[in-house]
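Asks: from the sequence below, what's the structure:
(one chain, ligands or ions: 1)
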Amino acid sequence: MRADHDRAGVLVTGGAGFIGSHLAEALMERGSNVVVLDDLSTGRYRNVRHLLDDPHFKLVEGSVLDLDLVRELVAGVDEVYHLAAAVGVRLIVDRPLQSLITNIKGTENVLDAAHLHRKKILITSSSEVYGKSRNGPFKEDDDRILGSTRKLRWSYSTSKAVDEILAFTYYKELGLPTVITRLFNTVGPRQSGQYGMVLPRFIGQALRGDAITIYGDGTQSRVFTYVGDVVEALIRLMNTPEAEGEVFNVAGDQEITIADLARLVVAKVGSSSTLRYLPFEEVYGDGFEDTPRRTADTHKLEQVIGYRCKTSLEETVELLIKHARETR
Ligand code: UDP
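Replies: Residues are numbered from 1 along each chain as shown. Coordinates of the predicted model:
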């Protein structure tokens, strides 16, 4: 990478992943030197291949569990976006131990390195921390309602909560500048349906003319947020001093049930796909619990950075269908 002292050096852990690669691109467009650390487990080389020839971009294949490597990379940059994590309900349920270790130990390592070298750090947590409460839209300080520790799904929520507490205590006790963000069902090009994420799965099924698989009765709802909006919010938060030591929901405001999402996708594709309802137990095993409603109160985000995630769901779905058709 070219030594260029007027450019900010930024480390993006998980930068070859879906959200991370969009963030890396946006940071490059803003004139940063970007280093991506990714173990290419769920991240993909092809997500960043188009950036590799740029002298201001560097991909390091390695893990956030490698503390020496993390320390070395953090030493060379000005700020850190920590996105590397095990994500997706499918992955968490199938590989709970590895997921827990990646999410907790990985974050601890990145915070340790940021503290050692006194670098500002933004942590990406998840709306999953709110658990199964129906009381949305959730405010950042709302209570969390979780199921039993025996239900593997909630281990992800707990690991992300531990990450948040770690980041918060590094800020409070050690004075490390940290910003904590909770992402809500982010969607966009490059997202894979392989780990359970609903929208790429529905679009793939609709394009193939396969039945759309709705888990449960389809009345559960979510807010889907376009990745470009999420990335813009993350960069603004990193650059806003008042955001330090705080936690922010990062989301749009268009709630939709999963059954309506299926109908929207089928209509937009013009597909002959039928809707097929599958019990949760059949998909994720006995005793699985889903989150019935997940919507965000985003007043805090708007107040602190003056920004709203504004791309409509219709626009997002159209864009993703176009993208999926082009890359088939
Ligand atoms: N879902 C579905 N069909 C699928 C994949 C997911 O009906 O093929 C449901 C899933 O059970 C959940 C919602 O869609 O109620 C969102 O799932 P996702 O895994 O994308 O995100 P999360 O559960 O973390 O909100």
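Asks: contacts for stretch 223-230 next, please.
Replies: Applying C-beta atoms under 8 Å, 6 or more residues apart in numbering, the external contacts of stretch 223-230 come out as 18-19, 22, 26, 183-189, 191, 199, 250-256, 261, 294-296, 309-311, 313, 315-316. (C-beta placed from N, C-alpha, C; glycine too.)
Asks: 6 Å - rerun?
Replies: 19, 22, 184-188, 250-252, 255, 295-296, 309, 311, 313, 316 (C-beta atoms under 6 Å, 6 or more residues apart in numbering).
Asks: does the ligand sit close to that stretch?
Replies: No: Stretch 223-230 stays out of contact with the ligand when judged by C-beta under 6 Å from any ligand atom, the minimum separation being 8.7 Å.
Asks: what about that stretch, start to end distance?
Replies: Start to finish, the residues bounding stretch 223-230 are 13 Å apart (C-alpha to C-alpha, to the nearest Å).
Asks: which helix or strand in this structure has the lowest average pLDDT?
Replies: helix 89-94 (a mean of 87; mean pLDDT, DSSP states H and E).
Asks: quick check: next helix or strand after it?
Replies: helix 96-116 (DSSP states H and E).
Asks: angle of the helix or strand just after that next one against helix 96-116?
Replies: Per DSSP H and E, the first helix or strand lying C-terminal to helix 96-116 is strand 120-126. Orientation note: strand 120-126 sits at an angle of 160 degrees relative to helix 96-116 (axes from the mean of the first three to the mean of the last three C-alpha atoms, to 10 degrees).
Asks: quick one: strands adjacent to strand 120-126?
Replies: strand 79-82 (parallel), strand 178-183 (parallel) (DSSP bridges).
Asks: and the ligand, is the next helix or strand after the last one touching that?
Replies: Translated: strand 178-183. Heading C-terminal from strand 178-183, the first helix or strand you meet, by DSSP H and E, is strand 186-187. No: Strand 186-187 lies apart from the ligand when judged by C-beta under 6 Å from any ligand atom; the minimum separation is 8.5 Å.
Asks: number the chain from 18, please
Replies: Sure, I'll start counting at 18 from here, so that last one is strand 203-204.
Asks: what is strand 203-204 packed up against?
Replies: On a contact count with 3 or more C-beta pairs under 6 Å, 6 or more residues apart in numbering; DSSP states H and E, strand 203-204 meets no helix or strand.
Asks: ok so, going back, which among the strands paired with strand 137-143 is found nearest to the ligand?
Replies: Closest to the ligand of the strands paired with strand 137-143, according to C-beta to the nearest ligand atom: strand 195-200, at 10.3 Å.
Asks: where does the nearest residue to residue 340 once chain neighbours are set aside land in three-state SS?
Replies: Closest residue in space to residue 340, ignoring its immediate chain neighbours: residue 206 at 4.6 Å, by C-beta to C-beta, 6 or more residues apart in numbering. Here residue 206 is recorded as coil under DSSP: H, G, I helix; E, B strand; the rest coil.
Asks: show me the contacts of stretch 240-247 that map onto helices.
Replies: 36, 39, 330, 333 (DSSP state H).
Asks: dump the least confident helix or strand of the chain to CSV, restricted to CA.
Replies: Output in CSV follows, covering the C-alpha atoms of helix 106-111 (Å, rounded to 0.1, in the frame of the first residue of the first chain):
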residue,chain,number,x,y,z
VAL,A,106,-29.3,-17.8,12.2
ARG,A,107,-28.4,-20.9,10.1
LEU,A,108,-24.7,-20.5,10.9
ILE,A,109,-25.3,-19.8,14.6
VAL,A,110,-27.5,-22.8,15.1
ASP,A,111,-25.2,-25.1,13.1
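Asks: what residues are up against residue 54?
Replies: 30, 77, 79, 90.
Asks: ok, so of those residues, who is nearest residue 237?
Replies: residue 30 (30.6 Å; C-beta to C-beta).
Asks: show the contacting residues for the closest one.
Replies: By C-beta under 6 Å, 6+ apart, the contact set of residue 30 is 54, 81, 99-101.
Asks: what are the phi and psi values for the closest residue in space to it that isn't next to it in sequence?
Replies: Leaving aside its sequence neighbours, residue 30 sits nearest to residue 101 (C-beta to C-beta, 6+ apart; 3.8 Å). When read as degrees, to the nearest 10, the backbone of residue 101 gives phi -60, psi 120.
Asks: how far away is residue 101 from residue 95?
Replies: 19 Å (C-beta to C-beta, to the nearest Å).
Asks: okay, those two: which has more neighbours?
Replies: residue 101 (31 against 15; other C-beta atoms under 10 Å).
Asks: residues from this structure in reach of the ligand?
Replies: Neighbours of the ligand within the chain, by C-beta under 6 Å from any ligand atom: 106, 202, 213-215, 218, 230-233, 237, 239, 275, 307-308, 311.
Asks: max pairwise distance over those residues: which two?
Replies: 230 and 311 (19.4 Å).
Asks: which of the two has more neighbours?
Replies: residue 311 (24 against 17).
Asks: much appreciated, bye for now.
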